[in-house]
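have a look; sequence and predicted model below, questions after that.
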Amino acid sequence: MMKDVFYSLLDNYTKDKNLISTLWIEIETNYTNSKRHYHTLLHLKNMCKELYECNDDINDWHTILFSLFYHDIIYNASKKDNEEKSADLAIKRLQQINYTESKINVCHEAIVATKSHTLSNNNDINLFTDADLSILGYTWQEYEQYYKQVRKEYSIYPDFLYNPGRKKVLQHFLDMENIFKTEFFRSKYENTARNNISKELRLL
């Protein structure tokens, strides 16, 4: 599915089939890395589904799709600059297809925004980062699977190192006035997300 979405998207900007294939293989290879358990192609698929549901509210659909494909392309659990590196790689790849510079800048901003999930003055970016967090508001069974997958990605760290960091992240979300920045996602997931996060905190 995601391959089809990517090919269809790229077809708007280049007819170079070899380039499209090369760009997709890079995405697929990174997101299927054996060290990944949550930040996979399934994560992209779930985000894509969420974004399609609010498509009418998105001003620049193609830029948001590019942000989707590249936002976790670089992911190393022991590093703290994954978002920046992913955004920088997105710039390079979008320049290869001569994507508009102003739109490349928005893509870069959207990807980096997934680091802090703070409110943006660009509603497209707010919808994008909300979609990235949508798993927080899924059923407890889905949420439980998510946090266990994240734990696997950080398996290099023992519990005494991982748990305090995870608690800090979760508490950060609970301390926010709103986890979700848009009414669309807030109405769907805010209450359940807070319940899920609180339950995970109690289990840590």
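In hand now; what should we look at?

what's the burial count for residue 54?
Residues lying near residue 54 (other Cβ atoms under 10 Å) number 16. For the C-beta atoms, the positions are set from N, CA and C on the backbone; glycine is no exception.

got phi/psi on it?
With angles defined as degrees, to the nearest 10, residue 54 sits at phi -120, psi 20.

and the spatially closest residue to it that is not a sequence neighbour, what does it touch?
The shortest distance from residue 54 to any residue other than its chain neighbours is 4.9 Å, reached at residue 184 (Cβ to Cβ, 6 or more residues apart in numbering). By Cβ atoms under 8 Å, 6 or more residues apart in numbering, residue 184 lies in contact with 54, 57, 127, 130.

quick check: buried residues in whichever helix or strand residue 107 is part of?
Using DSSP states H and E, residue 107 maps to helix 101-116. For helix 101-116, burial by neighbour count (16 or more other Cβ atoms under 10 Å) applies to 104, 106, 107, 108, 109, 110, 111, 112, 113, 114, 115.

equivalent analysis for stretch 150-160, please.
Buried residues in stretch 150-160, counted by 16+ other Cβ under 10 Å: 150, 151, 153.

stretch 15-35 now?
Of the residues in stretch 15-35, 20, 23, 24, 27, 30, 31 count as buried by neighbour count, 16+ other Cβ under 10 Å.

how far off centre is that stretch?
Centre-to-centre, stretch 15-35 and its host chain are 17 Å apart (Cα atoms, centre = their mean, to the nearest Å).

quick one: the residue nearest the centre of the chain from residue 22, how far?
For the chain, the residue sitting closest to the mean C-alpha position, by Cα atoms, centre = their mean, is residue 132 at 4.2 Å. Plainly put, residue 132 is 26 Å away from residue 22 if you go by Cβ to Cβ, to the nearest Å.

residues contacting residue 190?
Applying Cβ under 8 Å, 6+ apart to residue 190 gives the contacts 137, 178, 179, 180.

how about 6 Å then?
Contact analysis of residue 190 by Cβ atoms under 6 Å, 6 or more residues apart in numbering lists 179, 180.

distance check, it against residue 196.
Taking Cβ to Cβ, one finds residue 190 at 11 Å from residue 196.

any residues in contact with both of the two?
By Cβ under 6 Å, 6+ apart, residue 190 and residue 196 have no common neighbours.

state the mean pLDDT of stretch 56-63.
For stretch 56-63, mean pLDDT is 98.

try stretch 155-172
Averaged over stretch 155-172, pLDDT sits at 96.

any chance you could map the helices in the chain?
Counting by DSSP state H, the chain has helices at residues 2-10, 17-31, 41-53, 61-70, 82-96, 101-116, 123-133, 140-153, 159-175, 183-203.

now residue 171: closest residue in space, sequence neighbours ignored.
Nearest residue to residue 171 in three dimensions, chain neighbours excluded: residue 201, at 7.1 Å (Cβ to Cβ, 6+ apart).

what about that neighbour, neighbour count?
Using other Cβ under 10 Å, residue 201 has 14 other residues around it.

returning to that earlier point: of the helices of the chain, which is nearest residue 76?
Counting by Cβ to Cβ, residue 76 lies closest to helix 82-96 out of these; the figure is 6.2 Å.
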